[in-house]
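Can you look at this prediction? I've put the sequence above it.
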Amino acid sequence: MADQNGKILYIFDLDGTLADTAPDLMATLDYVMIREGFAATPMQDARSLLGAGARALIQRALRQQGAEVGVEREDAMFRLFLAHYESRIADASRLYPGVEAALDQLERAGGFFAVCTNKIERPAKLLLEKLGVAQRFAFICGQDTFGVAKPDPTPLLRTIAAAGGDPARAIMVGDSKTDIATAKAAGVPVIAVDFGYTDRPVQEFSPDRVISHFSELSAAADRLLG
Ligand SMILES: O=C(O)COP(=O)(O)O
Ligand SMILES: [Mg+2]
């Protein structure tokens, strides 16, 4: 990686932060659950079920229905989920309004970008390609990239290193308690979006700033960096 001396690295969460992916994730969950003889999950449950990756999504949906499956069947459901999800990954998933304009603005001010998600790396990259923004990120880290998931700070710190950034000149942007806890554990300031997937208001998790639209990101970052 080239020396990014002095530039600010923005590390984005993906689901519920850069992109509204709940429709395709929840449709995939329903496909798997119904095929396995369970019920569909109400769309309004997305906010509380998403955020910890696809395996956790399946486990949480099963638990919600009082169902227990063994580890082998859970593995099979996870594989089925990934295969089906890739076939429809961007059918209904969209970048949130203002994402590309915000990236343009931050880039003009000397910012550069990475992604740190609890999605599996392969579908994360595929989604960002389909949404036309994959090439904007210096590094894309998934749940399996370093073998450890958020809220462990390791994937965030290793993402910063892999992107050629510096934790002292980095800002995490996320939608969940998990992202905020990850950033705090890594000693990186965090801006939360309030339109993503969390069943409790993000303010409760004490991020450094909260924004309601990507048009507010640049000003929030400026205030945060003083
Ligand atoms: O969708 C999920 O469960 C996790 O994805 P995120 O870390 O990008 O929010
Ligand atoms: Mg998220």
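Looks like it came in fine. Residues are numbered from 1 along each chain as shown. Ligands and ions are numbered 1, 2, ... in the order given.

In three-state terms, label the most far-flung residue of the chain relative to its centre for me.
Most distant from the centre of the chain: Gly37, at 29.2 Å, with distances by CA atoms, centre = their mean. When classified by DSSP: H, G, I helix; E, B strand; the rest coil, Gly37 comes out as coil.

Stretch 44-51 - what's its average pLDDT?
Mean pLDDT, stretch 44-51: 92.

That stretch near ligand 1 anywhere?
Yes. Using CB under 6 Å from any ligand atom, stretch 44-51 reaches ligand 1 at 50-51. Where you see a C-beta, it was placed from the backbone N, CA and C, and this is true even at glycine.

same question, stretch 102-122
Yes. Interface with ligand 1: stretch 102-122 contributes 117-119 (CB under 6 Å from any ligand atom).

how about that stretch: buried residues?
Of all the residues in stretch 102-122, those buried under the rule 16 or more other CB atoms under 10 Å are 102-103, 105-106, 111-121.

Out of these, give me the two with the largest separation.
Greatest spatial distance in the buried residues of stretch 102-122: Gln105 and Ile120, 30.2 Å, computed using CB to CB.

Got the domain ranges for the chain?
Domain assignment for the chain by automatic domain parsing gives 8-21+93-225, 22-87.

residues making contact with stretch 108-117?
4, 6-15, 18, 103, 106-107, 124, 128, 136-143, 150, 155-156, 159-160, 162-163, 165, 172, 182, 218, 221 (CB atoms under 8 Å, 6 or more residues apart in numbering).

What is the one helix or strand in the chain whose mean pLDDT sits lowest packed up against?
Lowest mean confidence among the helices and strands of the chain (mean pLDDT, DSSP states H and E): helix 46-49, at a mean of 92. Here helix 46-49 touches helix 22-35, helix 54-64, going by 3 or more CB pairs under 8 Å, 6 or more residues apart in numbering; DSSP states H and E.

Much appreciated, bye for now.
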